[in-house]
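Asks: predicted model, plus sequence, below.
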Amino acid sequence: MLNRFAVFVLTLCSCPVFSLSAQALQVLVGMNKPPYIQIETADGYEIELLRALVKRMGTTAEFTHVPNKRIQTLLQQNIGDMATLQPMKANEAGLYYSCPYIRYQNVVVSLEVQQLVINQLSDLKNLSVLAFQNASAALGDEFRDIAKQSFKYRETVEQRTQVESLHKMRVQAVVMDINIFYYHHDKIEPPQQVQVHPLFAPSYYRVAFRDKKLADAFNQALQQFWQSPEYQQLQQRYLISDQSSVQAQCPVI
């Protein structure tokens, strides 16, 4: 009798957390951003993470790539089922938000040979800085004010350009996610030693849904995936820095 019960429990735990129809979920994601999103190969850490979570929800994911600024707007226009990369403070009427599923860690990076002292944001005021697009809007009021006041501050959508510009000493510092930096940095020859200045708090992002049942199912899938070996294996495959702090942002279901 005990053996039969154990088999039943094992079978139950291996089932999808939410029974969906055969129709794939339409997932709105950002543009090319390796190692998170790699459009040419239809993979990347964020793509594979979302794909694994949707699979645990009992269906498959179809990805539509759009600029980050348009993702939520399209969902509100009834385009797509899931809008990714939504800030923690997002709270739009008619939308249901998941727990955080991913963390970005923005940093300031300079070349070691230049021996720059960058211990606080105000140290950037007199430096030539190249940041990612919309960094001045995303990284808090103090950084926004510094960006506005500095004629040496620029932003670019091409993050590979940021790293190349740093290595060629066209700029003194770059502001970008640490994993994106090292993805491009590791491809540059000859490599140069860098200094990483951790001046920003981590940025946690959620998924928005129009259907509360989907949001609940996503959260349950997320909790299960965190406990599986696949989670760390996925981080290791894409050389993503430890994402364990994401779990602390979500209450246990």
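Replies: Nice, I can see it.
Asks: residues touching Ala147, list them.
Replies: Each residue near Ala147 by C-beta atoms under 8 Å, 6 or more residues apart in numbering is listed here: 129, 131, 135-136, 153. Where C-beta positions appear, they are placed from N, C-alpha and C, glycine not excepted.
Asks: which residue packs closest to Phe209, ignoring adjacent ones?
Replies: Nearest non-adjacent residue to Phe209, counting by C-beta to C-beta, 6 or more residues apart in numbering: Ala215, 4.3 Å away.
Asks: that neighbour touches Tyr97, doesn't it?
Replies: Yes - using C-beta atoms under 8 Å, Ala215 is in contact with Tyr97, at 6.7 Å.
Asks: overlap of the contact sets of the two?
Replies: Residues touching both Ala215 and Tyr97 (C-beta under 8 Å, 6+ apart) are 207, 209.
Asks: so Thr242 sits against Tyr231, correct?
Replies: Actually, residue 242 is Asp rather than Thr. No - the criterion here is C-beta under 8 Å, and Asp242 misses it with Tyr231 at 10.8 Å.
Asks: buried stuff in stretch 191-209?
Replies: Within stretch 191-209, the residues that count as buried by 16 or more other C-beta atoms under 10 Å are 194-195, 197, 199-200, 203-209.
Asks: now, the most widely separated pair of the residues you listed?
Replies: Farthest-apart pair in the buried residues of stretch 191-209 is Gln195 and Phe209; separation 40.8 Å (C-beta to C-beta).
Asks: re earlier: who's more crowded, Asp242 and Tyr231?
Replies: The neighbour count for Asp242 versus Tyr231, taken as other C-beta atoms under 10 Å, is higher for Tyr231 (19 against 10).
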